[in-house]
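Engineer: model this:
(one chain, ligands or ions: 1)
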Amino acid sequence: MSDASPGSFRGRVFVVTGASSGLGYEIAQALAAEGAHLVLAGRAREPLAAAALACRERGASAIAVPTDVTLDADCSALIECARAEFGGVDGLVAAAGLGMWARFGELSGPEVMEPLMAVNYWGVVQPAFHALPDLRARNGMLVVISSVQGRIGVPWHSGYAAAKHAVQGFCDSLRLEEGERLAVLTVLAHWIRGTELRARALGSDGRPRGSAAAGHGGDAMLAEEAAARVVAAMRQRRRELWIPRHFRLVGILSSLVPALTDRLIRRRVEREHARQPRDD
Ligand SMILES: NC(=O)c1ccc[n+]([C@@H]2O[C@H](COP(=O)([O-])OP(=O)(O)OC[C@H]3O[C@@H](n4cnc5c(N)ncnc54)[C@H](OP(=O)(O)O)[C@@H]3O)[C@@H](O)[C@H]2O)c1
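Structural biologist: Now for the predicted structure:
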């Protein structure tokens, strides 16, 4: 990485996808507070511009680059913008994501699964491909906001869990290929409050289910706190971060006692589903 003292992000260049809301927004703000240079990506222009302004108000340099991460040309242009503005990329934080809340067997068609793979898998792989030469040369980092569902299956989330498993496999392989020259951090998060993921989650007809279906978030961790944990893990160049930490046990349990873990997950998610309005 470029010019700063070890562990500091001052003057380093981060591209953050999904920066217009939720976790991506909060990670960008946390990096801005440390004096990083930010290149913010998302589709919605106004929230993205507001996110860049909020970064600048924290004393950082920040630009908004409207980007659809499902389009390879947009991802290539995004990284080119970062190079043109700041001279290269030290870190890519891939936080763009799209959720699902529907049983596979109740989908209007298998094509409902496509945008889930396009955003959650291709939306990581494409910008990572274009940023890789810079990340390698600058001993940089790839941070992927995955999910607990990158390790375990969850009912009503098959398309989302499939895409998060795919991206987990991609990250685990890339880490082996690149060795010391690239830190690859995957964030396996459980439910986080203060984001739009649930409201935008696709229902059985492939349309967002809307805020009425989003739930109140219970005692889940706030996006701001989760972002602080992500940035701390980035500083340590860790390979994995579970949010909350004890959810690591779910990953361990599912390998040791898979049938029991399946029962526990099914019971928990069904209880939650019973509290949700039906979308079919
Ligand atoms: N919230 C949770 O409980 C939770 C739990 C585990 C993991 N995660 C993961 O955390 C990450 C952030 O999600 P969030 O919870 O913060 O949800 P969010 O508030 O809905 O944020 C999602 C972000 O992704 C962007 N995005 C969606 N489709 C895109 C596309 N095609 N191109 C570019 N950007 C796109 C959205 O911006 P535009 O609409 O402007 O494009 C938005 O900024 C996701 O990867 C999600 O899977 C969240």
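Engineer: separation between residue 120 and the ligand?
Structural biologist: As defined by C-beta to the nearest ligand atom, to the nearest Å, residue 120 lies at a distance of 6 Å from the ligand. Where you see a C-beta, it was placed from the backbone N, CA and C, and this is true even at glycine.
Engineer: now do residue 258
Structural biologist: For residue 258, the distance to the ligand - C-beta to the nearest ligand atom - is 22 Å.
Engineer: so what's the residue count around residue 261?
Structural biologist: Other residues lying near residue 261 total 19 when counted by other C-beta atoms under 10 Å.
Engineer: same question, residue 200
Structural biologist: For residue 200, using other C-beta under 10 Å, the count is 17.
Engineer: likewise for the one 4 residues further on?
Structural biologist: The number of residues packed around residue 204, counting by other C-beta under 10 Å, is 21.
Engineer: cross-check the contact I'm expecting between it and residue 100.
Structural biologist: No: using C-beta atoms under 8 Å, residue 204 is not in contact with residue 100, being 9.5 Å away.
Engineer: anything in contact with each of those two?
Structural biologist: Counting by C-beta atoms under 8 Å, 6 or more residues apart in numbering, the common neighbours of residue 204 and residue 100 are residue 112.
Engineer: now do the contacts for residue 225.
Structural biologist: Contacts for residue 225 (C-beta under 8 Å, 6+ apart) come out as none.
Engineer: doesn't it lie inside a helix?
Structural biologist: Yes: under DSSP: H, G, I helix; E, B strand; the rest coil, residue 225 falls within a helix.
Engineer: how near is residue 153 to residue 262?
Structural biologist: Using C-beta to C-beta, to the nearest Å, we find residue 153 at a distance of 8 Å from residue 262.
Engineer: what of residue 106?
Structural biologist: For residue 106, the distance to residue 262 - C-beta to C-beta - is 20 Å.
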